[in-house]
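Participant: Sequence first, predicted model second:
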Amino acid sequence: MSKTTSREIQLASRPKGVPTADNFTLAQVELKPLKEEEVLVRNLYMSVDPYMRGRMNEGKSYATPFQLGQPLEGGAIGEVVESLSGQFKPGDIVLSNFGWRELFVASAKDLQPVSREIQPLSTWLGALGMTGMTAWAGLNLVGVKAGDIVFISGAAGAVGSIAGQIAKLRGCRVIGSVGSVEKVMFLRDECRFDIAFDYHIAPVLEQLSLEAPDGIDVYFDNVGGEALEAALSVLRVHGRIIACGGISGYNEEKLRPGPSNLFNITSKRLTMKGFIVTDWLGYRAEFEKEVGGYFRAGELKSRETVVEGLDKAVNAFLGLFEGKNIGKMIVKLA
Ligand code: NDP
């Protein structure tokens with residue numbers, strides 16, 4: 001292998017509150033020559049995800065913190081360019097955690113082969129990847145079944161839009177809250193949600209109470225804060241909450257007090273479960289059978305917001321906190 005250079009996004013400083021472009025550097029690096037069982041990969045697509053914000057802090061979040069002066073990490077789909085491993089040959093498509101860079105050298109054991117038949121290949125980062133699996137695992141954990149009334153916050157995003165569609169396919173009535181009229185239309189027209197509303201127009205509690213006068217059975221929480229408090233008020237007796245994420249608080253420098261109405265958990269005998277998708281990797285085959293089946297049958301819309309180029313990756317990440325994405329936010333690298 002001749003000398004190969006790549007570009008990567010490194011963490012320059014730890015964000016305080018809302019991250020800015022100054023927290024990141026675009027660096028040119030020289031890759032080490034391939035050793036036995038190693039593979040050179042050119043990334044085609046990379047994922048930006050809200051959880052990455054937690055890894056930019058000093059302390060442990062979902063996973064270990066990103067290191068200053070080192071490349072960020074995250075899901076990526078790439079094509080094998082060169083291989084010293086019998087497991088991969090040039091042209092193979094692989095899923096890795098080496099996002100935020102154009103090219104990389106990795107051990108074959110850190111790469112997962114994926115099929116070219118699924119198009120676009122970025123679907124392996126969204127509907128059939130980490131965020132799709134999060135939606136599916138969350139619904140399973142609270143036993144979502146036909147007839148349930150399910151409320152989802154952050155409903156037009158990568159996780160929310162897939163969770164809502166799966167719930168619809170299982171025979172639920174689905175309500176979503178989102179941050180724009182365009183997203184309301186997307187949920188109603190493309191994702192077949194029964195109800196969608198914009199949380200900027202009126203308080204979530206007001207709109208949710210109006211749309212679900214007899215209450216809800218399940219709350220799929222992507223946002224926390226006001227949406228969680230509203231759901232606690234509107235959930236029926238024995239209702240279930242799946243605590244998937246709390247993006248409304250990720251950039252808070254000082255932690256906010258929790259919901260003032262948490263006692264609803266006691267009075268209404270609610271169940272609230274948290275989870276991390278990586279605990280579910282062993283269920284990949286079951287996930288692909290159900291959700292892959294819907295996708296191949298054309299029953300699941302996998303909307304993406306795609307930005308092009310590594311130099312736009314930081315903006316794409318920052319855009320997650322400004323509601324710039326409909327569906328999965330993807331960065332196309334090649
Ligand atoms: P999304 O694609 O939903 O992107 C983020 C969206 O969040 C934005 O588009 C925006 O939509 C909304 N948002 C941003 N800031 C706020 C705010 N202050 N208040 C309300 N909404 C806000 O991201 P994902 O689908 O990838 O992730 C959704 C949630 O699921 C996140 O909390 C994430 O951390 C969590 N997650 C959890 C996993 C787990 O294993 N438990 C795995 C993957 C994700 P809008 O315009 O509607 O405001």
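Facilitator: Cool, the structure landed. Residues are numbered from 1 along each chain as shown.

Participant: contacts, neighbours, all on C-alpha from now
Facilitator: Fine.

Participant: residues touching L141, list them.
Facilitator: 242, 273 (CA atoms under 8 Å, 6 or more residues apart in numbering).

Participant: Could you check how far it is from the ligand?
Facilitator: Noted for L141: a distance of 11 Å to the ligand, by CA to the nearest ligand atom, to the nearest Å.

Participant: again with F197
Facilitator: If you measure F197 against the ligand using CA to the nearest ligand atom, the figure is 10 Å.

Participant: Same check on F104?
Facilitator: 24 Å.

Participant: And the pLDDT for that residue?
Facilitator: Note for F104: predicted pLDDT of 98.

Participant: again with E182
Facilitator: 98.

Participant: count of neighbours near it?
Facilitator: 12 (other CA atoms under 10 Å).

Participant: Equivalent analysis for S47, please.
Facilitator: Using other CA under 10 Å, S47 has 26 neighbouring residues.

Participant: and it, what pLDDT?
Facilitator: 98.

Participant: So G59 sits against P65, correct?
Facilitator: Yes: contact criterion CA atoms under 8 Å: G59 and P65 qualify, at 6.4 Å.

Participant: Between those two, which has more neighbouring residues?
Facilitator: A direct count of neighbours by other CA under 10 Å for G59 and P65 places P65 higher, at 17 against 11.

Participant: tell me the pLDDT at that one?
Facilitator: P65 carries a pLDDT value of 95.

Participant: Check the gap between it and G54 for me.
Facilitator: 8 Å (CA to CA, to the nearest Å).

Participant: Make sure I have this right: W280 is in a helix.
Facilitator: Yes: according to DSSP: H, G, I helix; E, B strand; the rest coil, W280 belongs to a helix.

Participant: ok, it - how many residues close by?
Facilitator: W280 sits with 16 neighbouring residues when counted by other CA under 10 Å.

Participant: does the closest residue in space to it that isn't next to it in sequence sit in a helix or strand, and which one?
Facilitator: If the residues on either side of it in the chain are set aside, W280 comes closest to A137, at 7.1 Å by CA to CA, 6 or more residues apart in numbering. Following DSSP states H and E, one finds A137 within helix 130-141.

Participant: Would you tell me what the next helix or strand after that helix is?
Facilitator: Using DSSP H and E, the helix or strand that follows helix 130-141 in sequence is strand 149-153.

Participant: What lies in contact with that next one?
Facilitator: Residues from elsewhere that reach strand 149-153, judged by CA under 8 Å, 6+ apart: 160, 163-164, 167, 172-178, 215-223, 227, 231.

Participant: name the helices or strands packed onto the helix or strand following that strand?
Facilitator: Per DSSP H and E, the first helix or strand lying C-terminal to strand 149-153 is helix 158-169. Applying 3 or more CA pairs under 8 Å, 6 or more residues apart in numbering; DSSP states H and E, one finds that helix 158-169 contacts helix 130-141, strand 149-153, strand 173-178, strand 328-332.

Participant: Please tabulate the ones you listed in JSON lines, including the columns distance to N23 and mean pLDDT.
Facilitator: Shown next, in JSON lines, are these (distance: least, CA to CA, whole Å; pLDDT from 0 to 100):
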{"stretch": "helix 130-141", "distance to N23": "25", "mean pLDDT": "98"}
{"stretch": "strand 149-153", "distance to N23": "29", "mean pLDDT": "99"}
{"stretch": "strand 173-178", "distance to N23": "28", "mean pLDDT": "98"}
{"stretch": "strand 328-332", "distance to N23": "19", "mean pLDDT": "98"}
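
Participant: so which of these comes closest to L44?
Facilitator: Of all these, strand 328-332 sits nearest to L44, with 6.0 Å by CA to CA.

Participant: partner strands of the closest one, parallel or antiparallel?
Facilitator: Strand 328-332 has the following sheet partners, assigned by DSSP bridges: strand 38-47 (antiparallel), strand 304-308 (parallel).

Participant: could the ones you listed be laid out in TSV, adding distance to the ligand?
Facilitator: Converted to TSV, those look like this (distance: least, CA to the nearest ligand atom, whole Å):
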stretch	distance to the ligand
strand 38-47	9
strand 304-308	9
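
Participant: Flag every residue of the protein that's near the ligand.
Facilitator: Contact residues, the chain versus the ligand (CA under 6 Å from any ligand atom): 49-51, 131, 134, 154, 157-160, 178-180, 222-223, 244-248, 275-277, 320-325, 327-328.

Participant: Of the strands paired with strand 328-332, which stretch is the most buried?
Facilitator: With neighbours taken as mean count of other CA atoms under 10 Å, the strands paired with strand 328-332 reach their highest mean count in strand 38-47, at a mean of 26.

Participant: Following the chain onward from it, which element is next?
Facilitator: Scanning forward in sequence from strand 38-47 by DSSP H and E, the next helix or strand is helix 51-55.
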